[in-house]
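Student: Fold the following.
(2 chains)
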Protein chains: 2
Amino acid sequence: MEVPLTVNEFLYRSAVLYPEKLAIVDGERSISYGEFQARVNRLSHALLASGVRKGDRVCILSPNSHFFLESFYGVSQIGAILVPLNYRLVAADHEYIIGHAGVVALLVDHEYVDMIDEIRPSLPKVETWIVAQEDKQAKPGWTAWESWIDGCSDSSPPVPDLNESDLVSINYTSGTTARPKGVMLTHRTACLNAYNFMVHLQVSHEDVELWTLPMFHCNGWGGVYALTGLGATHVILRAVNGEQIFELIAAHKVTFACMAPTVLNTILEYPDRANHKIETRPRFVVAGAPPPAAFIKRLETELGWDFIQIYGLTETAPVLTVTSIDSLTAKSDYERRSRAGIPVLGVGLKVCDDSGQAVPQDDQAIGEVCARANIIFEGYWEQPEATAAAFRDGWFRTGDLATWDRSGSINIVDRKKDVIISGGENISSPEVEAVLYQHPAVLECAVIGVPDEKWGEAPKALLVLRAGSTVSAEEMIAHCRENMAHFKCPKSIEFLDHLPRTATGKLQKYRLREKYWGDRVKRVN
Amino acid sequence: MEVPLTVNEFLYRSAVLYPEKLAIVDGERSISYGEFQARVNRLSHALLASGVRKGDRVCILSPNSHFFLESFYGVSQIGAILVPLNYRLVAADHEYIIGHAGVVALLVDHEYVDMIDEIRPSLPKVETWIVAQEDKQAKPGWTAWESWIDGCSDSSPPVPDLNESDLVSINYTSGTTARPKGVMLTHRTACLNAYNFMVHLQVSHEDVELWTLPMFHCNGWGGVYALTGLGATHVILRAVNGEQIFELIAAHKVTFACMAPTVLNTILEYPDRANHKIETRPRFVVAGAPPPAAFIKRLETELGWDFIQIYGLTETAPVLTVTSIDSLTAKSDYERRSRAGIPVLGVGLKVCDDSGQAVPQDDQAIGEVCARANIIFEGYWEQPEATAAAFRDGWFRTGDLATWDRSGSINIVDRKKDVIISGGENISSPEVEAVLYQHPAVLECAVIGVPDEKWGEAPKALLVLRAGSTVSAEEMIAHCRENMAHFKCPKSIEFLDHLPRTATGKLQKYRLREKYWGDRVKRVN
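Tutor: Numbers count the residues shown, from 1 in each chain, chains lettered A, B, ... in the order given. Model (predicted):
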């Protein structure tokens, strides 16, 4: 018998089986699985009453919150498509994405309402403006979430015919090209990624997850679905803060968390650990960039907690690989455990040269990681050319360069495109360069990632000025901060006579990076 | 991207990732994952050379063995359909099934070759006769497995276009009705059951499974796929024997086993446990019938091992429900832990009255367990009427009677056809059996309905006593009357040497009833 795989089943299951169990802790607020489903049902009814229908796009712009978790299910339950926005982007980015995705309803955290109001005139298609706040009194032009859903029924909404190939979300990448691209994920893809998440990260109903990962980031890597489906507990973290993380781990007996290496670093650097009495032994799942081996060692030896490394992209739903402790990988082999690792169930993976042939599995030859799996996305929303370019012979090209060994374990060594990953966020160097080029003094520029203790990598601008022009590094950074999200701004500036280029005029960024990365094999932390 | 879910992926993955890891231990023979895949490839080439093509049916008749494990993958890899036979059936049953399924190739364990030769004249469609034995010298008319695959290539065979809706196996039910029925399972169904098996039974690459369950039984409940996909180790057990079970657990550091309650009983009754030094703490997964709570208590308190109860049917691939220790179920609540439990991921379950309406979730009202899920079978092979009768409004009717509670946890009270109706009251035979098992003299028991002039039907207990124990019928009836409602108590007692069981340990109550019901058509009032 074939029944469509849909993410909605995950919440239905736990609401039926564990109605009184704690589903969400968000600050002072505690929500049981029964209440979680009831609030999701009310949200679905409110969306329907606002005219949202199957296939419509609904944006959420919010830090982690119970509203965000509810939106995943409230939106997908009626067959609408969630578009989670990266809250670190600037208004112009949001304007582009909301317009490109053709969004009809906006769910916005109270902190971001003013920012969205700036671009409101450019969003003629949006009909529903909801502010996520506990208070029922909203800013003019907005409806408070709680008053919006207040009169709505707790019961199941009418559910449209859903196929597993229907879209569940469009997750915009924060841009390895100038413009973000909308990664289309289906219900089937999200479900099978969630199954892999459960199996390989050994999730159970006893888990308590601390949300050290932004939910917008590829639907919390699938944790939104996996933890819910098994009836585990979600503990919300709104912003990364060492003290609060330790407090929440202690108070709620946290067993599980996902994070970028930079968050792991924050946790390791937090000075007052000894003040917190932690009774659990959490598993920390790290991805976004390979963490330094020293981080793993410190986590396991100083804190006594467990480390798991995974690797993937938004386009892969995201979990492609996992490193586990096995016959090839001793627990103390922190270097090996910082590798991307071996493919999860159902993932075909190969490391290819430019012709699509697999490179030798000798951990020396470098090639591009290519994947074939149900967890691969359907394409970029309304970008058929970009979609076509992302695939070759039915294999998705990740754009990541790696070596692999005989066991199929991969080790990421560089980004094929020159994306900079800083604090878990992708920064597109052409996008930063475009802002630099707006300054009249700039003749040529290149932005590269350089090692940064706190962020893993930080953007650095290398500038060639126009003859006769002068500008200070401080002035250039100020110019950038006025024109784009702060996390994308160069943290340092260097002035050069010229930039190295190939005969055809392409920048040779790997040569620029050499100076800063020395003789390290890896160009990406 | 949609890639067909096929069981073949499970072995491919582990063969690539863990080529040197121990995949199978079968007596003196140890097989790595690399060799497992190589032998499977040779088997596929041999089948192709023998003319077997996609969609053809291939039978295996064998106790657990490495050959059996290899046949799952060697057959499905080329798109053929495996028909695993129950080795406890008689020649006439095999003749019926092989003919009904239209089998073209037979893989037969050396012990069963003579039995099959008896029916050979009635099997005109079978073209390939292979005997599973280590020796290359076979009985005339047969080809030895090892010589058959000997010249074949280790490399991947040509793989046909496989859809996930293609059949992977036809598993004949062990016949609680006159004729076995062929349960059709697809690749999709087998894969999703395997995922559930991994998630809910917390399987990992570190597991070592002892095959206390016959592999023919619904493909080892999916363990054939789940354990292989994660690179765990299979330890073969050819026949159930207490001493050998303890020896293998100790020698191979077994962590996991699936079994019927009767096998669990064998393990609990084995007298020389103290002679074996067991360093692991295995998880025992039990299904096939609800085990008495006393079995769970003894396993966990006397042996210190872990118990998990699941419930399902061949028609459900099979895992429908699982009991776990959670907020509603204390570890020491052995009574509750012997329930069938809560539905696994993706399973819709309801307990219905005869009109298909859900009965109250009060754990009192009895109804039939009905299920809707991807793990439900496609129908009975070439039996459209039986298939139609098995479903109502898109729900599969399990034929099992149960109560359910508010959390959705179900408690099987009896097979629909085994329930005793006495004076208009339903009597659950497992409930009466549980009380009988509380008596120290009882080794095995079965309660059936027998004709009764006054009540229509009355419960009768058939008992096998422990060696050296004596107890009178009057004492047993008195024991029952002290411990349960009088109308449920056996009105008569009979002492037997053993009870008739199916290969999977299920009591064959229809055979017990025959003696008392004579030639009446109906066995149940």
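
Student: Residue A:225 and residue A:194, how far apart?
Tutor: 4 Å (C-beta to C-beta, to the nearest Å). (C-beta placed from N, C-alpha, C; glycine too.)

Student: Between the two, which contacts overlap?
Tutor: By C-beta atoms under 8 Å, 6 or more residues apart in numbering or on different chains, residue A:225 and residue A:194 have these common neighbours: A:7, A:10.

Student: List, one by one, the residues from the stretch 201-350 of chain A near chain B.
Tutor: Contact residues, the stretch 201-350 of chain A versus chain B (C-beta under 8 Å from any C-beta of the partner chain): A:202-206, A:229-231, A:324, A:326-327, A:342-343, A:345-346, A:348.

Student: Setting the sequence-adjacent residues aside, check what's closest to the residue of the stretch 251-400 of chain A found nearest chain B.
Tutor: Relative to chain B, the nearest point of the stretch 251-400 of chain A is residue A:376 (3.9 Å; C-beta to the nearest C-beta). In this structure, residue A:376 finds its nearest non-sequential neighbour in residue B:1, 3.9 Å apart by C-beta to C-beta, 6 or more residues apart in numbering or on different chains.

Student: Is the one you found in contact with residue A:390, as I believe?
Tutor: No. Residue B:1 is beyond contact range of residue A:390, at 10.5 Å (criterion: C-beta atoms under 8 Å).

Student: Where does pLDDT dip in the stretch 51-200 of chain A?
Tutor: Low-confidence segments of the stretch 51-200 of chain A (pLDDT under 70): A:174-178.

Student: What parts of it come near chain B?
Tutor: A:165, A:188, A:189, A:195, A:198, A:199.

Student: helices and strands around whatever helix or strand residue A:67 lives in, which ones?
Tutor: Per DSSP states H and E: residue A:67 is located in helix A:66-76. Applying 3 or more C-beta pairs under 8 Å, 6 or more residues apart in numbering or on different chains; DSSP states H and E, we find helix A:66-76 packed against helix A:8-17, strand A:22-26, helix A:33-49, strand A:57-61, strand A:81-85, strand A:103-109, helix A:223-229.

Student: ok, residues contacting that helix?
Tutor: Residues from elsewhere that reach helix A:66-76, judged by C-beta under 8 Å, 6+ apart: A:6-8, A:11, A:24, A:26, A:29, A:31, A:36-37, A:39-44, A:47, A:52, A:58, A:60, A:62, A:81-82, A:84, A:107, A:109, A:132, A:145, A:168-169, A:187, A:215-216, A:219, A:224-225, A:228, A:234, A:236.

Student: count of neighbours near the residue nearest to residue A:376?
Tutor: Using other C-beta atoms under 10 Å in any protein chain shown, residue B:1 is surrounded by 20 other residues.

Student: ok but it is inside a strand, no?
Tutor: No. Counting by DSSP: H, G, I helix; E, B strand; the rest coil, residue B:1 falls outside a strand, being coil.

Student: May I have the residues that are in contact with it?
Tutor: Residue B:1 neighbours (C-beta under 8 Å, 6+ apart): A:189, A:372, A:373, A:374, A:376, A:377, A:378, A:394, A:396.
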